[in-house]
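>>> How does the following fold in three dimensions:
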Amino acid sequence: FKSTGPGGQHKNKTESAVRLQHLPTGLMVTAVESRSQSKNKKVAWERLKLKLEKEFKPKTPRVPTKLPGRVREYRLKMKKKRSQLKIQRKKPDRNDQAFCVVRS
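The predicted structure is shown next:
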């Protein structure tokens with residue numbers, strides 16, 4: 001097929017672009033870098049080869065990790081501190097013991 005982009009008369013007249021598709025997987029690559037179709041074919045084959053290697057390379061499974069105990073403790077301590085700060089910002093409740101004054 002014809003290449004796109006700048007290049008003038010030569011690029012407009014020649015069909016130097018290459019598109020390869022691997023039918024079993026549906027992977028598709030294109031090459032339009034060179035003015036020569038044979039060079040573009042070589043580039044396209046290399047790209048397809050790399051894509052196929054990447055596609056079929058076995059994926060390493062993720063190993064789940066645990067947080068150290070001290071980190072967990074620190075996080076909970078900071079959460080508690082933050083919640084206490086937010087509680088202190090609130091207006092006191094009318095039924096709260098600290099708010100009520102007992103008169104005899």
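>>> Tell me which residues are up against stretch 41-49.
When contacts are defined by CB atoms under 8 Å, 6 or more residues apart in numbering, stretch 41-49 is touched by residues Val18, Arg19, Leu20, His22, Leu27, Val29, Thr30, Ala31, Glu33, Ser34. Every residue, glycine included, has its C-beta placed from N, CA and C.
>>> Without its sequence neighbours, what residue ends up closest to the last one?
Just to be clear, that refers to Ser34. In space, and not counting its chain neighbours, Ser34 is closest to Asn40: 5.1 Å by CB to CB, 6 or more residues apart in numbering.
>>> Closest one to Pro92 out of the contacts of stretch 41-49, please.
Leu27 (67.0 Å; CB to CB).
>>> Send me the helix or strand encompassing Lys41 as CSV with only the CA atoms.
Using DSSP states H and E, Lys41 maps to helix 37-56. The C-alpha coordinates for helix 37-56 follow below in CSV (Å, rounded to 0.1, in the frame of the first residue of the first chain):
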residue,chain,number,x,y,z
GLN,A,37,9.6,-1.9,-0.1
SER,A,38,12.2,-4.6,0.5
LYS,A,39,13.8,-2.7,3.4
ASN,A,40,10.3,-2.0,4.8
LYS,A,41,9.6,-5.8,4.6
LYS,A,42,12.6,-6.6,6.7
VAL,A,43,11.7,-4.0,9.3
ALA,A,44,8.1,-5.3,9.4
TRP,A,45,9.2,-8.9,9.9
GLU,A,46,11.5,-7.8,12.7
ARG,A,47,8.7,-5.9,14.4
LEU,A,48,6.3,-8.8,14.0
LYS,A,49,8.9,-11.2,15.5
LEU,A,50,9.4,-8.9,18.5
LYS,A,51,5.7,-8.6,19.0
LEU,A,52,5.2,-12.4,18.9
GLU,A,53,8.0,-13.0,21.3
LYS,A,54,6.5,-10.5,23.7
GLU,A,55,3.0,-12.0,23.2
PHE,A,56,4.1,-15.6,24.0
